[in-house]
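> Please find the sequence and the predicted model below.
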Amino acid sequence: MIQNKYDSQASYKSLSTALPSTSSSLSLKKLSCLSTSVVFALSILANTAQADTTSAEDYRAPAAVDASAPIAALSKLTSIDDAKSLKVTVPTIQEFKTKAGVPVMFVQTTALPIVDVDLRFNAGSARDGSISKDGFGIANMTATMLEQGSKSLDEDAFTRAVETLGINLGSSAYKDMFIVSLRSLSDDKHLLPAVDLMTQMVSEPTFNDEVLARNKSRLLVGLQQQKQDPGSLASIAFDKALYGSHPYAHPSVGTLESVPTIQKQQLIDFKNRYLVAANASIAMTGNLTLVQAKKLAEDITTKLPAGQAAAELPEPKPLTKAQHIHIPFPSTQTTVLMGQLGSKRATNPTAQQQQTNFAVGNEVMAGGDFNARLMTEIRQNLGYTYGISGSMNPMLARGPYQIGFSTRNDKARAAIDASLEVIDDTLEKGVTQDEIRLTKDNLKNSFPMGFASNAGINGLLGMMNFYQLPNTYLADYVNRIDQVTLSGVNKTLRDTLTPDDFLIVTVGQDDPWKGTEATTKTTK
């Protein structure tokens with residue numbers, strides 16, 4: 001499967017972009033303080049209850065409903081007034097290092113007899129060029145072939161061993177990071193052989209020549225098919241134009257030109273250079289004691305060569321003027337990506353607060369729900385699209401800020417102009433106190449869902465450990481949200497976004513810019 005994902009990973013969008021720290025009490029007192037998601041949930045529950053009873057009472061006449069005040073009855077729910085504060089306690093994170101110096105973050109959970117392990121390396125596709133100039137796809141191919149046999153087990157035997165144990169074991173390469181992940185039952189009968197397979201993957205891959213040739217052929221077919229996907233075309237063009245010669249510019253999976261040139265020795269060189277202890281971190285969540293977790297971490301890292309930490313990535317240079325790129329594509333819809341260079345992952349409290357301010361403000365302006373300004377105007381009021389949203393994707397170096405949507409070909413220019421007008425109006429006039437309050441409530445109320453499962457906890461631990469964030473990062477989350485102010489949000493939005501210099505990529509039948517002058521600012 002072809003993947004083109006950023007290191008920060010969308011699964012942690014709301015937490016990893018806004019996230020600050022500490023166990024807090026969240027008050028659910030008045031209906032006005034409930035997030036929109038809670039109100040929606042109440043309406044779903046009400047509809048479900050009605051559906052459960054109508055089969056037995058369908059002879060009754062329907063009750064009169066005041067359509068002009070559909071939620072007026074909720075004011076009679078006095079139990080909301082008496083509701084006690086919801087106390088949210090974040091998972092207890094235990095930190096230690098292996099003998100090889102690999103940092104480990106561990107959370108003990110005993111509800112299920114499973115263990116999740118993420119072994120992460122600072123070794124994404126941004127490092128491809130250090131192995132071979134224009135060697136795009138080396139990290140991705142390395143990740144693919146780690147799952148396809150070791151010195152002790154050929155491809156079929158390795159696959160059979162994984163399936164027999166019933167474990168999830170895999171590896172993936174993103175722009176920033178290289179992840180080897182394991183999920184297994186926690187008893188020794190399953191976990192010990194699972195860890196042995198994991199260490200074989202990382203330390204003793206075969207990189208079989210025949211398998212490599214087959215992988216390249218399959219990947220080339222996938223890359224050809226990718227040319228028929230307007231979303232992929234837009235994303236590739238956006239990255240190339242935004243990052244230029246920076247390592248983030250090329251797709252992680254490689255290109256039609258680079259994949260045929262990938263050689264076995266390049267995969268070996270990548271593994272030897274980057275899959276090393278000095279470049280690694282571990283996240284571990286599950287039914288283990290601290291003693292067992294330490295033993296497990298040692299087993300995983302004992303065969304890793306010491307190596308050296310990867311060099312710091314260069315910072316990309318922001319665009320200095322607007323760019324409009326159109327890619328002809330036979331479709332009734334035009335896919336639009338617009339945005340700019342964003343921020344890097346914040347590692348100090350001041351920068352983290354700034355990212356939280358931006359996350360709250362962006363949720364008001366470009367969030368994915370129907371309360372967001374872009375969704376309200378471009379979808380509901382103008383009817384140009386089914387959905388529009390934007391997000392910041394911080395990485396080791398500055399990641400992208402992107403807003404994306406699709407619309408009818410003949411409405412593409414109007415939709416782009418209307419979107420820019422919403423952004424300009426938000427920056428000029430600012431968001432409102434009511435919008436900030438609702439968004440803060442939404443983020444705080446949904447915060448516990450980030451660690452509602454072992455996988456969720458482990459994903460957050462992996463992100464924190466990879467970016468060398470303190471274990472108080474989760475605990476300070478609600479505090480950072482509470483410290484968000486109206487003036488702080490509006491200032492951060494204005495300081496961050498420069499829509500006059502946006503890169504705008506369109507993929508569709510007609511060029512929205514044809515017959516118009518491409519200036520540094522889209523004409524409204």
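It's in.

> where exactly do the helices run in the stretch 401-524 of the chain?
412-429, 433-446, 454-466, 477-482, 486-496 (DSSP state H, counting those that start in this stretch).

> and V107, backbone torsions?
Torsion angles at V107 (phi, psi; degrees, to the nearest 10) stand at phi -120, psi 120.

> before we move on, what about M395?
phi -140, psi -170.

> coming back round to it: for L296, which of the helices of the stretch 401-524 of the chain is the nearest?
Nearest to L296 among the helices of the stretch 401-524 of the chain is helix 454-466; the distance by Cβ to Cβ comes to 13.3 Å. Heads up, the C-betas are built off the backbone N, CA and C, glycines and all.

> Going by contacts, tell me the helices and strands next to the closest one.
Using 3 or more Cβ pairs under 8 Å, 6 or more residues apart in numbering; DSSP states H and E, the elements in contact with helix 454-466 are helix 13-18, strand 103-108, strand 114-121, strand 280-286.

> next helix or strand past the third one?
I take that to be strand 114-121. helix 128-131 (DSSP states H and E).

> Quick one: residues in contact with that next one.
For helix 128-131, the surrounding residues in contact (Cβ atoms under 8 Å, 6 or more residues apart in numbering) are 135-139, 247, 250, 266, 269-270, 273, 311.

> Go through the residues you listed and name the one nearest D510.
Of the contacts of helix 128-131, the one sitting nearest to D510 (Cβ to Cβ) turns out to be H250, at 28.5 Å.

> What distance do you get for the closest one to G222?
Per Cβ to Cβ, to the nearest Å, H250 is found 16 Å from G222.

> chain center to stretch 210-225, what's the gap?
26 Å (Cα atoms, centre = their mean, to the nearest Å).

> pLDDT below threshold where in this protein?
By pLDDT under 70, the low-scoring segments of the chain are 1-86, 515-524.

> where along it do the strands fall?
24-26, 86-88, 94-97, 103-108, 114-121, 168-173, 178-185, 280-286, 323-328, 333-341, 388-392, 400-408, 503-508 (DSSP state E).

> if we can go back for a sec, can you lay out the helices and strands packed on helix 454-466 as CSV showing distance to F358 and mean neighbour count?
CSV is the format used below for the helices and strands packed on helix 454-466 (distance: least, Cβ to Cβ, whole Å; neighbours: other Cβ atoms under 10 Å):
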stretch, distance to F358, mean neighbour count
helix 13-18, 8, 22
strand 103-108, 26, 22
strand 114-121, 25, 25
strand 280-286, 26, 27
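
> closest one to P512 among those?
That would be helix 13-18 among the helices and strands packed on helix 454-466, by Cβ to Cβ, at 28.3 Å.

> what's the nearest residue to T320 if we skip its chain neighbours?
Nearest in space to T320, with sequence neighbours left out and distances taken as Cβ to Cβ, 6 or more residues apart in numbering, is D501 at 6.8 Å.

> should've said G342
Y401 (3.8 Å).

> so that neighbour sits right up against G339, yeah?
Yes. Using Cβ atoms under 8 Å, Y401 is in contact with G339, at 4.7 Å.

> anything in contact with each of these two?
G390.

> centre of the chain versus stretch 223-233, how much separation?
For stretch 223-233, the distance to the chain centre is 21 Å (Cα atoms, centre = their mean).

> in that stretch, what counts as buried?
For stretch 223-233, a neighbour-count test (16 or more other Cβ atoms under 10 Å) marks 223, 226, 230, 232-233 as buried.

> can you check stretch 184-202 too?
Under the neighbour-count rule (16+ other Cβ under 10 Å), stretch 184-202 has 184-186, 190-191, 193-195, 197-202 buried.

> Give me the subset of these that lies in helices.
190-191, 193-195, 197-202 (DSSP state H).

> and for stretch 347-357, what are the contacting residues?
Contacts of stretch 347-357 (Cβ under 8 Å, 6+ apart): 17-20, 343, 346, 392, 394, 467-469, 473, 476, 480-481, 483-484, 488-489, 491-492.

> Spatially, what comes nearest to A306 if we skip its sequence neighbours?
Per Cβ to Cβ, 6+ apart, closest to A306 is A277, 5.4 Å.

> distance of that neighbour from L233?
A277 is 40 Å from L233, by Cβ to Cβ.

> And L296, by the same measure?
L296 is 43 Å from L233, by Cβ to Cβ.

> try K514
Distance from K514 to L233, by Cβ to Cβ: 18 Å.

> same deal with N393?
Counting by Cβ to Cβ, the gap from N393 to L233 is 19 Å.

> cool, R398 as well?
23 Å.

> Could you do F178 as well?
26 Å.

> ok, now M284?
Counting by Cβ to Cβ, the gap from M284 to L233 is 39 Å.

> Of H250 and G222, give the one with the bigger neighbour count.
H250 (23 against 14; other Cβ atoms under 10 Å).

> Assess the claim that E95 and P103 are in contact.
Yes. Counting by Cβ under 8 Å, E95 does reach P103; the two are 7.0 Å apart.

> Quickly list what's touching both of those two.
Common contacts of E95 and P103 (Cβ under 8 Å, 6+ apart): none found.

> hmm, back to that, including distance to Q509, could the helices and strands packed on helix 454-466 go into JSON lines?
Below are these laid out as JSON lines (distance: least, Cβ to Cβ, whole Å):
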{"stretch": "helix 13-18", "distance to Q509": "31"}
{"stretch": "strand 103-108", "distance to Q509": "49"}
{"stretch": "strand 114-121", "distance to Q509": "42"}
{"stretch": "strand 280-286", "distance to Q509": "46"}
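
> L374: which of the ones you listed is closest?
Among the helices and strands packed on helix 454-466, if distance is taken as Cβ to Cβ, the winner is helix 13-18, at 16.1 Å.

> Looking at the ones in helices among the buried residues of stretch 184-202, which is nearest V88?
The nearest one, if we look at these relative to V88 and count by Cβ to Cβ, is L191, at 30.5 Å.

> surely the closest one meets R183?
No. Counting by Cβ under 8 Å, L191 sits too far from R183 to count as a contact (10.4 Å).

> Name the residues contacting each of the two.
Joint contacts of L191 and R183 (Cβ under 8 Å, 6+ apart) are V115.

> quick one: the nearest residue to Q108 once chain neighbours are set aside from L169, how far?
Using Cβ to Cβ, 6+ apart and skipping residues adjacent in sequence, the residue nearest Q108 is L288, 6.3 Å away. Distance of L288 to L169, given as Cβ to Cβ: 18 Å.

> Over to D425?
Taking Cβ to Cβ, one finds D425 at 50 Å from L169.

> burial of E428, as a residue count?
So E428, with other Cβ under 10 Å, has 9 neighbours.

> same deal with the one 4 residues further on?
Counted with other Cβ under 10 Å, residues neighbouring T432 total 12.

> That one: what's it in contact with?
L486.

> hmm, back to that, deepest of the helices of the stretch 401-524 of the chain, which one?
helix 454-466 (a mean of 23; mean count of other Cβ atoms under 10 Å).

> still on that earlier bit, restricted to helices, list the buried residues of stretch 223-233.
Going by DSSP H, the helices hold 223, 226, 230, 232-233 from these.

> of these, closest to L304?
Using Cβ to Cβ, these come closest to L304 at L223, 32.0 Å.

> who touches the closest residue to M198 other than its chain neighbours in this structure?
Computed as Cβ to Cβ, 6+ apart, the closest residue to M198 that is not its neighbour in sequence is L182, at 5.1 Å. With contacts defined as Cβ under 8 Å, 6+ apart, L182 is in contact with 115-117, 119, 167-169, 194-195, 198.

> Which residues does L182 form beta bridges with?
Taking DSSP bridges as the rule, L182 bridges to V117, L169.

> mind checking how far it is from P193?
Distance from L182 to P193, by Cβ to Cβ: 11 Å.

> Also G390?
For G390, the distance to P193 - Cβ to Cβ - is 45 Å.

> Also T485?
In terms of Cβ to Cβ, T485 sits 54 Å off from P193.
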